[in-house]
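Asker: Generate a structure from the sequence data that follows.
(one chain, ligands or ions: 2)
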Amino acid sequence: MAKRRLTERQIRQISAKKTQIASDTDTDTHNGTVLTHHGKELIVNTESNETINCQLRQNLGTIVCGDRVVFNYLDINSEPKTAVVVALTERDNLLEKTGFAGKAKAVAANIDQVIVVCSLVPRPNSYLIDRYLVAAENLPASPMIVINKIDLLDDTNEHIVNDINSIYDTIGYRVLETSATRNMGIDELKSMLADSTSILVGLSGVGKSSLVKDLLPDIDIRIGEISQASSEGKHTTTVSTLYSLPSGGNLIDSPGVRDFSPVNLNKAQIMEGFIELRPYRGKCKFANCSHTHEPGCAITEALEKGEVNRQRVNSFRKMLADAET
Ligand code: GDP
Ligand code: ZN
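Answerer: Residues are numbered from 1 along each chain as shown. Ligands and ions are numbered 1, 2, ... in the order given. Now for the predicted structure:
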């Protein structure tokens, strides 16, 4: 049977209809970024940089700060404007924590950069640093290292700074020295954050909240503004929140983000997470090599030849052993 031909007029009508649908969609739906979501409180930053309070369609699943969403205004003339989130845009990544009863809990989405903060006092724990780096590489997000409290530098702890630089700078990670209390290295930190959405992670006591105060001097005022925009007004710093930094870029912060302990990773993810060991992947004599004692282990050979750092290989082996248990 011959295909039915459309007349010129019909074609014009269809194309006019399509244009109309497209323009209806354009005027009705908008894109935004979730600043915070806690209980019924869902606050979204619009593309025109307005902060609005949103309702949520039931069936969208978990929505966390950093999520990019599509919303419709309910009443554009109301003050403040109200809207309903109708869709969640695909995520680049999702930061999850091990929550209640070992269940993974979503904390934040679309993170570009993980700033691993350590300090001279308390001293850095290299295994923890490596765990954070491996977690960041697997998100995936770009990691960098900050050594804070550099004002406490003296002859007894100078080796800490030298070691961190020689291990991590060599494999391509940026290492920055800061003092949150003496305002050293803070401008460099601001410029490192300027084009990205970042999180600060690290041990308690290394100075993360002090750095956040340097980066967001009016953080309490900002939280107040966000709470005012919300109907509940119960916002506290315990809820993960996306802040736009006056110096450019965004910071996602909450106590839960700062001390996030990476969820358990499998062996392939651990291998992927040690960036300088990637070239040795698949090069061991045995496919199931544990990279500890086997003959023909490419990683042991690289270590013997001095191509890779012993402390990093120790972390790698420990992480693999921990993954087995
Ligand atoms: P957090 O637990 O990582 O958030 O660490 P805090 O920001 O609460 O800092 C812990 C302690 O270290 C506080 O007493 C801070 O005043 C102090 N501290 C933070 N940054 C620095 C710094 O750069 N130099 C020095 N000497 N002390 C700092
Ligand atoms: Zn091996």
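Asker: Skip the chain neighbours and tell me the closest residue to Leu176.
Answerer: Take Leu176 and drop its neighbours on the chain: the residue closest to it by C-beta to C-beta, 6 or more residues apart in numbering is Val146, 5.1 Å away. To be clear about C-beta, it is placed using only N, CA and C from the backbone, and glycine gets the same treatment.
Asker: Check which element follows the host helix or strand of the one you found along the chain.
Answerer: In the assignment (DSSP states H and E), Val146 maps to strand 142-148. On the C-terminal side of strand 142-148, the nearest following helix or strand under DSSP H and E is helix 158-164.
Asker: what sits up against that following helix?
Answerer: Residues from elsewhere that reach helix 158-164, judged by C-beta atoms under 8 Å, 6 or more residues apart in numbering: 118, 120, 123-124, 129, 145, 147, 150, 153, 175, 177.
Asker: Got a ChimeraX select line for the buried ones in those?
Answerer: Selection of buried members from the contacts of helix 158-164 for ChimeraX, criterion 16 or more other C-beta atoms under 10 Å:
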select :118,120,124,129,145,147,150,175,177
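Asker: between the contacts of helix 158-164, which is closest to ligand 1?
Answerer: Ile150 (6.9 Å; C-beta to the nearest ligand atom).
Asker: how about the residue of the stretch 201-325 of the chain found nearest ligand 1, what does it touch?
Answerer: Nearest residue of the stretch 201-325 of the chain to ligand 1 (C-beta to the nearest ligand atom) works out as Gly207 at 3.0 Å. Each residue near Gly207 by C-beta under 8 Å, 6+ apart is listed here: 117, 119, 148-149, 178, 180-181.
Asker: ok, the residue nearest to Leu176 touching Val116?
Answerer: Yes. The pair Val146 and Val116 passes the contact test of C-beta atoms under 8 Å, sitting 7.1 Å apart.
Asker: quick one: the strands in the stretch 51-200 of the chain?
Answerer: Ranges of strands within the stretch 51-200 of the chain are 51-56, 68-75, 82-88, 94-98, 104-109, 113-119, 142-148, 175-177, 197-201, based on DSSP state E, counting those that start in this stretch.
Asker: Out of those strands, the one nearest ligand 2 is which?
Answerer: strand 142-148 (24.3 Å; C-beta to the ion).
Asker: Leaving out chain neighbours, which residue sits closest to the residue nearest the centre of the chain?
Answerer: Centroid-nearest residue in the chain, with C-alpha atoms, centre = their mean: Ile111, separated by 2.9 Å. Nearest non-adjacent residue to Ile111, counting by C-beta to C-beta, 6+ apart: Ala141, 4.9 Å away.
Asker: hang on, isn't that neighbour packed against Ile115?
Answerer: No. Using C-beta under 8 Å, Ala141 makes no contact with Ile115, being 10.1 Å away.
Asker: Looking at the two, which one has more neighbours?
Answerer: Ile115 (25 against 20; other C-beta atoms under 10 Å).
Asker: No further queries at this time; thank you.
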